[in-house]
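1. Here is my input; please provide its structure:
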Amino acid sequence: MLYSFDTGNYDIITPEGPVAFDTSGNLYGTTPLGGDLNCQGGYGCGVVFELAPPSEGDGSWTYATLYAFQGGNDGIAPQGYMVFDPTGNLYSTTGEGGGGTGYSGIAFRLTQAMQLGAAWGETVLHRFQADAGGGPNEGLTWGKWGNLYGVTLGGGPSYYGTVFEVRP
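-> Numbering: from 1, shown residues only. Got it, this is the predicted structure:
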């Protein structure tokens, strides 16, 4: 076991989705709950976290929250696959939130903090409207032309989901 999430610390609970590694061996993941506890009935809006490997082989991995979602415009419940660009920015989706009524998730970019230990900055790349393709909670993948691609669980003309493209 690399790390155990503690229900006594509500900013880091219930990890979901696949994890990703950077070129330094740090592990990145999401929790759809935790973070700002003003979302989802007090369970939180979700976070993106990093686990840094120990400097010595048998040491402990170090946890850090990179970004805590606030709800509203920046989305709720990140849980999809994450990808990096060549400069180390991290991309993924949230399954909910993104604005007012009728929005159901976002595609986002997290930019590395300039200071060690500081939170990463978020840029919303796209806000999904529920009727046009909502619930992009499977994450993103890079395409041949340098754009990001993913799927939504709902929306589209038949309301059975969509495939989408986002320009980073």
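
2. low-scoring pLDDT stretches of the chain, where are they?
-> 7-12 (pLDDT under 70).

3. And the strands in it?
-> For the chain, the strands defined by DSSP state E cover 16-21, 27-31, 47-52, 62-68, 76-78, 83-84, 90-96, 103-111, 121-129, 141-142, 148-152, 162-166.

4. Minimum distance to Gly41: which of the ones you listed has it?
-> strand 76-78 (11.5 Å; Cβ to Cβ). Just so you know, the C-beta spots here come from the backbone N, C-alpha and C atoms, and that holds for glycine as well.

5. Any chance you could list what contacts the closest one?
-> For strand 76-78, contacts defined as Cβ atoms under 8 Å, 6 or more residues apart in numbering pick out 17, 30-33, 39-40, 45-48, 69, 92-97, 108, 137.

6. Leaving out chain neighbours, which residue sits closest to Cys39?
-> In space, and not counting its chain neighbours, Cys39 is closest to Cys45: 3.7 Å by Cβ to Cβ, 6 or more residues apart in numbering.

7. Got the phi and psi for that neighbour?
-> The phi and psi torsions at Cys45 (degrees, to the nearest 10) take the values phi -90, psi -20.

8. So it sits against Thr65, correct?
-> No - judged on Cβ atoms under 8 Å, Cys45 makes no contact with Thr65 at a distance of 11.9 Å.

9. where do the contact lists of these two overlap?
-> Taking Cβ under 8 Å, 6+ apart as the contact rule, Cys45 and Thr65 both touch Gly35.

10. Comparing those two, which residue is more hemmed in?
-> Per other Cβ atoms under 10 Å, whichever of Cys45 and Thr65 has more neighbours is Cys45, with 27 against 16.
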